[in-house]
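# Below is the structure, and that's it, no one-letter string:
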RNA sequence: GGGCAUGUGGCGUAAUUUGGAUAGCGCAUCGGGCUUCGGACCCGAGGGUUGCGGGUUCAAAUCCCGUCAUGCCCGCCA
């Protein structure tokens, strides 16, 4: 589909440029078309200020002269000037027709093709497999889900990946706790295991406990012990429970990579060999780091600012005892992502059918080779506290001479989710109201209460509508906040169904659906109507909002910013609501007006459905 | 000590990357709208020295310098 604003503003810009040229001004490169004028007119341009500076003439005089020198431009009705600005007033009929026909004829599943089918892997939420998903992971998951949807709709070949860290101290602690008790799970497995983990973690400071833990850790690391098998089984059960939560939020994945598989397949060794060849990692024969594999940052030229304050400019990546650190595994993992380690894993279906109808595959001991990875861009959705290791990761590829990979790794760093009281730490236990499951349950109950006295529907449909509304409130509340900001989580803020919210957007969509259904007019007749009749302020404001769709989506995709889409959906919904309040559509309009307005309603609904789709919000027909 | 991020009406936020006109929106408050195409709605009012101080510019929430506050990171944890 075309971008109405872009194509019109380009035309205007070229006319402005030639008008300026005919007056002896050189405006090339300094014309900034402001797509939407805040003051007067529909679009505006401030080029007169720049010209006035070099020519010594007053801005408003320059603007006047340019306005007079301009010929007719398509979709522009008139040009005026004010305070040095050129203001362009659109031809409402022509522009509305352009926008509405454009959107109704477009393939809304592929709004843009800027992706060029480029393959990217988006990694999220990578929650540890020993506790339920809490509201911090939920933020991660929802950002990942919408960034993935944005890339889908912009023509990328998207792979949704999840990294399961089933090794490491936290997992060992959970297993130790699990082995030391005989109870059977009395609730959802991730919640149950999370409690055990938190309790066991509370014992860490007790005398002698650490020794017991490290003994268990060794058994697990040996790779073929009973403990190893138990560890994996336990983690898998927990991840399956977490994926139930993900599914209830409409999220799914293509592939899960297990940390233990990276270790078992000896990918770290392969990665280290490649890095040693490039001279980036060293294995000192003496001194403090004897026996380790290290990165010596002192020898790196143009060290990025992230590393400026390091006390020791040395980073150990393989310990003295031969075990790899997190960073070593992450480097190997990213070599896999970018196809540097051929056929590293075998895969089998971990979940046979997700809500998208497809399996989620997971790496494992057995299975078949598949074509995951081999991407040219990796988006890692990881919270801001990991800026440093992510920088180190990019540096490793840069030092290998793989700037393409270093630049292809994008750390989408989001701000942490805090609680009003206390911190959100799984090791201290997660109360139900801070889990994704608990939040959804509460939201669902509130939504159901609202719907009961509103909708005359069967119990089953009421539940499904309530679930959609509940989810939309939560998703919108999380996604409307710019990713880099931290959130202080409170139920009150998340569970809102009014105003600037998901349910408000859904509500406007539902209204538009009812209008279309009740009209009994088919889309073809709407399209063949006299759209030129749409010329009132509220009608045209809605047209202008619809016209922004493609520009907003592309920008949100390129900048990894879902909140641009929530902002847009909100604007769109308000524009529709005002139109709806002021303009008669089915009643009180002439047959011709009715058809034209319905065409506008239809175009609105397309734009709204597309926006809601990116946010992972159901576009309900009634609610 | 160093690095990174954040700071916008009572609360929550948008615009900052790419400097443009009167800083947009929601909640809350106050006042309206005969719930007649669905009131999860609409209209209006009050509420802001964009943390603070300088600088650049015709123009600064936005860019530069300084400063304060808060948070995170700088480990042979992950």
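Thanks, I have the structure now. Small disclaimer: the values here were computed from a predicted structure and weren't measured.

# list the buried ones in stretch A:442-457?
Under the neighbour-count criterion of 16 or more other C-beta atoms under 10 Å, stretch A:442-457 has A:442, A:443, A:444, A:446, A:447, A:448, A:450, A:451 buried. Just so you know, the C-beta spots here come from the backbone N, C-alpha and C atoms, and that holds for glycine as well.

# out of those residues, who's near RNA strand B?
Within the set of the buried residues of stretch A:442-457, contact with RNA strand B (C-beta under 7 Å from any atom of the strand) is found for A:447, A:450, A:451.

# Would you mind putting the buried residues of stretch A:442-457 into TSV with secondary structure alongside?
Putting the buried residues of stretch A:442-457 into TSV (DSSP: H, G, I helix; E, B strand; the rest coil) gives the following:
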residue	secondary structure
A:442	helix
A:443	helix
A:444	helix
A:446	helix
A:447	helix
A:448	helix
A:450	helix
A:451	helix
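
# Residue A:31: which of the residues you listed is nearest?
Nearest to residue A:31, judged by C-beta to C-beta, of the buried residues of stretch A:442-457 is residue A:443 at 47.8 Å.

# For residue A:508, see how far away the closest one is.
Between residue A:443 and residue A:508 the computed distance is 20 Å (C-beta to C-beta, to the nearest Å).

# what's the answer for residue A:617, then?
For residue A:617, the distance to residue A:508 equals 12 Å [C-beta to C-beta].

# Neighbour count for the two, which is higher?
For residue A:617 versus residue A:508, neighbours defined as other C-beta atoms under 10 Å are more numerous around residue A:617 (29 against 23).

# residues in contact with that one?
A:468, A:471, A:472, A:475, A:476, A:502, A:505, A:506 (C-beta atoms under 8 Å, 6 or more residues apart in numbering).

# neighbours around the nearest residue to it once chain neighbours are set aside, how many?
Sequence neighbours aside, residue A:472 is the residue nearest to residue A:617 in space, at 4.3 Å (criterion: C-beta to C-beta, 6 or more residues apart in numbering). Neighbour count for residue A:472, taken as other C-beta under 10 Å: 28.

# Am I right that residue A:472 falls within a helix?
Yes. The assignment for residue A:472 is a helix, going by three-state DSSP.

# That one against residue A:618, yeah?
Yes. The pair residue A:472 / residue A:618 is scored as a contact, 6.8 Å apart, by C-beta atoms under 8 Å.

# what do the two both touch?
A:506, A:612.

# In JSON lines: the buried residues of stretch A:442-457, plus distance to residue A:395 and pLDDT.
Formatted as JSON lines, the buried residues of stretch A:442-457 follow (distance: C-beta to C-beta, whole Å; pLDDT from 0 to 100):
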{"residue": "A:442", "distance to residue A:395": "44", "pLDDT": "96"}
{"residue": "A:443", "distance to residue A:395": "42", "pLDDT": "96"}
{"residue": "A:444", "distance to residue A:395": "45", "pLDDT": "97"}
{"residue": "A:446", "distance to residue A:395": "48", "pLDDT": "94"}
{"residue": "A:447", "distance to residue A:395": "47", "pLDDT": "95"}
{"residue": "A:448", "distance to residue A:395": "51", "pLDDT": "93"}
{"residue": "A:450", "distance to residue A:395": "52", "pLDDT": "91"}
{"residue": "A:451", "distance to residue A:395": "53", "pLDDT": "91"}
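
# Would you point out the helix or strand in chain A whose mean pLDDT is lowest?
Across the helices and strands of chain A, mean confidence by mean pLDDT, DSSP states H and E is lowest for strand A:33-34: a mean of 70.

# tell me the secondary structure for residue A:347?
Under the three-state scheme (three-state DSSP), residue A:347 adopts strand.

# I'd like to know how many residues surround it.
21.

# Dig out what it forms beta bridges with.
Following DSSP bridges, residue A:347 is listed with bridge partners residue A:363, residue A:368.

# So it is in contact with residue A:366, correct?
No. Using C-beta under 8 Å, residue A:347 is not in contact with residue A:366; the gap is 9.5 Å.

# Overlap of the contact sets of those two?
Residues touching both residue A:347 and residue A:366 (C-beta under 8 Å, 6+ apart): none.

# On the secondary structure side, give me the element for residue A:86.
Using DSSP states H and E, residue A:86 sits within strand A:85-90.

# returning to what we had before: adding distance to residue A:79, write the buried residues of stretch A:442-457 out as a markdown table.
A markdown table is the format used below for the buried residues of stretch A:442-457 (distance: C-beta to C-beta, whole Å):
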| residue | distance to residue A:79 |
| --- | --- |
| A:442 | 55 |
| A:443 | 50 |
| A:444 | 54 |
| A:446 | 52 |
| A:447 | 50 |
| A:448 | 55 |
| A:450 | 49 |
| A:451 | 51 |
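
# Run a quick neighbour tally on the closest residue to RNA strand B within chain A.
Here chain A gets closest to RNA strand B at one residue, residue A:499, 2.1 Å apart by C-beta to the nearest atom of the strand. For residue A:499, the count of nearby residues is 9 (other C-beta under 10 Å).

# State the three-state secondary structure for it.
Secondary structure, three-state DSSP: residue A:499 is coil.

# now it: how far from residue A:493?
Remark: distance between residue A:499 and residue A:493 (C-beta to C-beta) = 12 Å.

# What of residue A:154?
For residue A:154, the distance to residue A:493 (C-beta to C-beta) stands at 30 Å.

# what's the helix or strand for the spatially most central residue of chain A?
In chain A, the centroid-proximal residue (C-alpha atoms, centre = their mean) is residue A:147; its distance is 2.7 Å. Assigned by DSSP H and E, residue A:147 falls within helix A:135-153.

# What residues of stretch A:556-565 count as buried?
A:556, A:557, A:560, A:561, A:562, A:563, A:564, A:565.

# Kindly report the same for stretch A:567-576.
Buried residues in stretch A:567-576, defined by neighbour count with 16+ other C-beta under 10 Å: A:567, A:568, A:569, A:570, A:571, A:572, A:573, A:574, A:575, A:576.

# Can you name the residues in contact with that stretch?
Stretch A:567-576 is contacted from outside by A:476, A:480, A:500, A:504-505, A:507-509, A:511-512, A:538, A:541-542, A:544-546, A:548-549, A:552, A:601, A:604, A:607-608, A:611-612, A:615, using C-beta under 8 Å, 6+ apart.

# Contacts (any at all) between RNA strand B and that stretch?
Yes. With C-beta under 7 Å from any atom of the strand as the criterion, RNA strand B is reached by stretch A:567-576 at A:567, A:570, A:574.

# ok now that stretch, how far from the chain's centre?
Centroid separation between stretch A:567-576 and its chain, computed with C-alpha atoms, centre = their mean, to the nearest Å, is 19 Å.

# Ok, stretch A:586-606 next?
With C-alpha atoms, centre = their mean as the basis, stretch A:586-606 stands 34 Å off its chain's centre.

# Just the element for residue A:11, please.
Residue A:11 is located in helix A:4-22, with elements delineated by DSSP H and E.

# What average pLDDT does that helix get?
Mean pLDDT, helix A:4-22: 92.

# same thing with stretch A:365-385?
96.

# ditto for stretch A:493-512
Averaged across stretch A:493-512, the pLDDT comes to 96.

# Okay, now that stretch: how far is its last residue from its first?
Using C-alpha to C-alpha, to the nearest Å, the end-to-end distance of stretch A:493-512 comes out at 27 Å.

# Pull the distance from it to the chain's centre.
Relative to its chain's centre, stretch A:493-512 lies at 20 Å (C-alpha atoms, centre = their mean).

# Just the buried residues of that stretch, please?
Neighbour-count burial for stretch A:493-512 [16+ other C-beta under 10 Å]: A:494-497, A:500-512.

# Next, count neighbours for residue A:262.
Neighbours of residue A:262 (other C-beta under 10 Å): 25.

# where does the stretch 301-450 of chain A come near RNA strand B, residue by residue?
Within the stretch 301-450 of chain A, the positions adjacent to RNA strand B are A:305-306, A:308-312, A:314-316, A:319-321, A:323, A:325-327, A:384-389, A:415-416, A:447, A:450 by C-beta under 7 Å from any atom of the strand.
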